[in-house]
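Participant: Provided below are the primary sequence and the corresponding predicted coordinates.
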Amino acid sequence: MRGIRVNGESLIRVEHNTYSVNSRLIGETVDVRLYADHLEVWYGQRTVEHLPRLRGRGKHRINYRHVIDWLVRKPGAFENYRYRQDLFPTSRFRMAYDALKQRRPDGAAKAYLAILYLAARESETAVDEALRQLIHAGQPIDADAVGRIVREGQRIAPAPTEVVVTPVDPARYDELYDDGEIAA
C-alpha cells in the first residue's frame, strides 16, 4: 500500500485496522507492505516498523512507546484518548494510575504519563518492578519515587514469584515413627 499518511495521533489505518507508529512520523507519508502474518512500514526507502498483522476489521494495536512523546506534551488528551486502555502495559501500571487518580485527580494524567515515559525510555520491566515495590510497601506513587528505584535498582520486598523453601530436618521424620510403626 502506498502513500498512507500518519495522523496527528501517530496512527495509520491499514485494511480497516489501526496501528501506531513512531511519533516522529506524524504528518509524514509512509508505505506499508502487507504479509500474511505481519506488515512492514517503510519510510525513506527503509523499514521503520515491523508489526504483527491484525485479523478482521475495526481492531487496533497501539504501542505506548509510539505515542508517549506527544501525550507527554499534551497530557490533557490522555483522559479522553480512544485507546487509553492500551497505555497500561501491565496491571500494576493501571493500579498506579488509579492510585494517582485517587490521591490527586487533577494531576493524575500528567503524573502517570511521566511514569509511562520513564518505562519507554528506561525499562518497562524495571518500572513495573518499582511500581510493585511501592504498592507492596504502601508508599505514595510518583515519577520521582519510581525513577529513584529504577536508577538505584532497589529492592524493597521479594517478588511474589520468589518462593522461599526452608530446609527440612530429616530428624523430624523419626518423630513420625513409634517403635517402627507410624504413630496415629
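Facilitator: Thanks, I have the structure now. These numbers come from a predicted model, not from an experiment.
Participant: Do a quick rundown of the helices in the protein.
Facilitator: 64-73, 76-79, 91-103, 108-121, 124-137, 143-152, 171-174 (DSSP state H).
Participant: and among those, the most buried is which?
Facilitator: helix 108-121 (a mean of 20; mean count of other C-beta atoms under 10 Å). In this view, the C-beta of every residue, glycine as well, is placed from N, C-alpha and C.
Participant: contacting residues around the most centrally placed residue in the chain?
Facilitator: The chain has residue 89 as the residue nearest its centroid, 2.3 Å off, counting by C-alpha atoms, centre = their mean. Each residue near residue 89 by C-beta atoms under 8 Å, 6 or more residues apart in numbering is listed here: 64, 119, 124, 128.
Participant: so residue 5 bridges to which residues?
Facilitator: residue 29 (DSSP bridges).
Participant: so what's it up against?
Facilitator: Taking C-beta under 8 Å, 6+ apart as the criterion, residue 5 is in contact with 12, 27, 28, 29, 30.
Participant: Now for these: which two are most distant?
Facilitator: 12 and 27 (11.9 Å; C-beta to C-beta).
Participant: joint contacts of these two?
Facilitator: Listed as contacting both residue 12 and residue 27 by C-beta under 8 Å, 6+ apart are 5, 6.
Participant: hang on, the earlier thing: and the residue nearest to the centre of the chain, how far is that from residue 2?
Facilitator: 33 Å (C-beta to C-beta, to the nearest Å).
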